[in-house]
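Asks: predicted coordinates and the sequence they were generated for:
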Amino acid sequence: MTAVQLKGVRKDFGSFTAISNVDLEIESGELVALLGPSGCGKTTTLRMIAGLEVPSAGQICFDGQDVSEVTVQKRNVGMVFQRYALFPHMTVEKNVMFGLRVRGTDKAETEARLEEMLDVVQLRQFRHRFPAQLSGGQMQRVAIARTLITKPSVLMMDEPLANLDTKLRGEMRRFIRDLQQRLGITTIFVTHDQIEAMELADRVAVIFDGDLAQYDAPDALYKHPNSIEIADFMGATNVFEAKILGAGSTPQAEASFGTLSFDARATDGPGHVMLRAEAIDLHLAAPNSGQNVISGTVTARDFFGANITYSVACGGETIQVTEQSRRMVDIGQDVWLTIAPDRIWIIQNTR
C-alpha cells in the first residue's frame, strides 16, 4: 500500500492553467474520489499522479519520495480507463494476462496470478469468452483484473462506470468498493457523479476550475459544504440568503421566510442558510411548541416512488421538502415545516 501526496502541484498547457497549486494527502489504502464538472482538471490531476503528465510546478510523492520526474513505467501504478480498451481478438484470460506477458513474467507465476485474479473478479466461468460476448459490467471487471494482476501500488480509475446503465452502475460501485477493501490498495478515481463519489470514496476531493475547493469525508461534504458552489454541486436545493447572528448564546439566521436557530459556529454578518430537503419535517397541523417552525402552502408535488418531494411556498421563498411516500399531501394544502437546529448549515465563506 502506498500513500500519495500532492504538494503545490500546478499544470499549465501553454498559457492555460489546468490545475493550480493543489495540495492533497491520500493515505495508504484509502479510496479517494476526484469529483467535479467536466473540464475542471480532475483527469489532468489523475494523469499527473500516474506519470502520464509532468507537473509544471510542485511535487507528487509516493510514500514521501518525489516521483514527479519518474516515468509511468517505473511508478508501479495501474490505470483503468473509461473505455475498457480490451483486445477484441483475445479471450478474457488472455486479456487479463497481457500485462504480465509484456513484462516477461514466467509462465507458472502468470498462470497462478491469473487463477487468483479470475476468482477475485468473479469471471472464472467466462475465461474463454471474447469481449464481444460479455456485458458492460463483465468487460469492466476484465479491465480491472488486467490492471490488478500486475500488483500496482496505486490503482487509478478514470470515469470507470460512465459507460454502464443505471442498475449496472450500482452493482459495479458495490463490486469496486468491496474489492478495494478486500485488497487494501490505495485507489484514486475520477468521476463527475456525486452519488458515485459519495458511495465509493473514503474521502472526496472536489475540484472546480483547477482549484481544490474542498476535501472531506462524503457525509461532511454533503452536510457541511464550505461554499454555495459546492452546496449547489452536491444537490442542495434549499440555500437562502440570510443575516447571520452567530455571536450570541443562541445563534440565529434571519431569512425572508423566518428566523431559524442553529447549532453551527458562525460569526455575525451576511451569509446563506442551507436546509437539506430530507432534513425538514412536514406537518399538517401547527406544532404545539418547538423551534424553527415555518408555515407555508404546498405548490407542487413530485413523486419518485419511495420518496415524494414537495415545493412549499414560505414567505416569498420556495422550500423543497422530501419525505417517504407514506402519505400524499394535496397541492394547495397549508402546512408547517420544522427543522432541528443541528440539521441547519450556515455558509459564510463563499467562493
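Replies: Great, that's in hand. Numbers count the residues shown, from 1 in each chain.

Asks: tell me where the protein is predicted with low confidence.
Replies: For the chain, the stretches with pLDDT under 70 are 349-351.

Asks: okay, now the domains of it?
Replies: 4-228, 229-347 (automatic domain parsing).

Asks: make CSV out of those and add mean neighbour count.
Replies: All C-beta spots, glycine's among them, are computed from the backbone N, C-alpha and C. Putting these into CSV (neighbours: other C-beta atoms under 10 Å) gives the following:
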stretch, mean neighbour count
domain 4-228, 18
domain 229-347, 16
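
Asks: in this structure Ile344 contacts His272, no?
Replies: No. Taking contacts as C-beta atoms under 8 Å, Ile344 lies outside contact range of His272: 11.1 Å.

Asks: residue contacts, the closest residue to Pro218 other than its chain neighbours?
Replies: Counting by C-beta to C-beta, 6 or more residues apart in numbering, the nearest residue to Pro218 once its immediate chain neighbours are dropped is Met198, at 4.3 Å. Taking C-beta atoms under 8 Å, 6 or more residues apart in numbering, we find Met198 in contact with Val204, Pro218, Leu221, Tyr222.

Asks: pretty sure Ala132 is touching Pro88, no?
Replies: Yes. Ala132 lies in contact with Pro88 (C-beta under 8 Å); the separation is 6.4 Å.

Asks: SS state for Cys61?
Replies: Of the three states, Cys61 takes strand according to DSSP: H, G, I helix; E, B strand; the rest coil.

Asks: quick one: residues contacting it.
Replies: For Cys61, the contact set (C-beta under 8 Å, 6+ apart) comprises Val4, Gln5, Leu6, Lys7, Val67.

Asks: at 6 Å what do you get?
Replies: Cys61 sits next to Gln5 when contact means C-beta atoms under 6 Å, 6 or more residues apart in numbering.

Asks: can I get the longest helix belonging to the chain in CSV? Just the C-alpha atoms.
Replies: The longest helix of the chain (DSSP state H) is helix 166-183. Extracted in CSV, the C-alpha atoms of helix 166-183 (Å, rounded to 0.1, in the frame of the first residue of the first chain):
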residue,chain,number,x,y,z
THR,A,166,-28.0,2.9,-14.0
LYS,A,167,-28.7,-0.6,-12.5
LEU,A,168,-25.3,-1.9,-13.5
ARG,A,169,-23.5,1.2,-12.2
GLY,A,170,-25.0,0.5,-8.8
GLU,A,171,-23.8,-3.1,-8.9
MET,A,172,-20.3,-2.1,-10.1
ARG,A,173,-20.0,0.5,-7.4
ARG,A,174,-20.5,-2.2,-4.7
PHE,A,175,-18.2,-4.5,-6.5
ILE,A,176,-15.4,-1.9,-6.7
ARG,A,177,-15.8,-0.9,-3.1
ASP,A,178,-15.8,-4.5,-1.8
LEU,A,179,-12.8,-5.3,-4.0
GLN,A,180,-10.8,-2.3,-2.9
GLN,A,181,-11.5,-3.0,0.8
ARG,A,182,-10.5,-6.7,0.4
LEU,A,183,-7.2,-5.9,-1.3
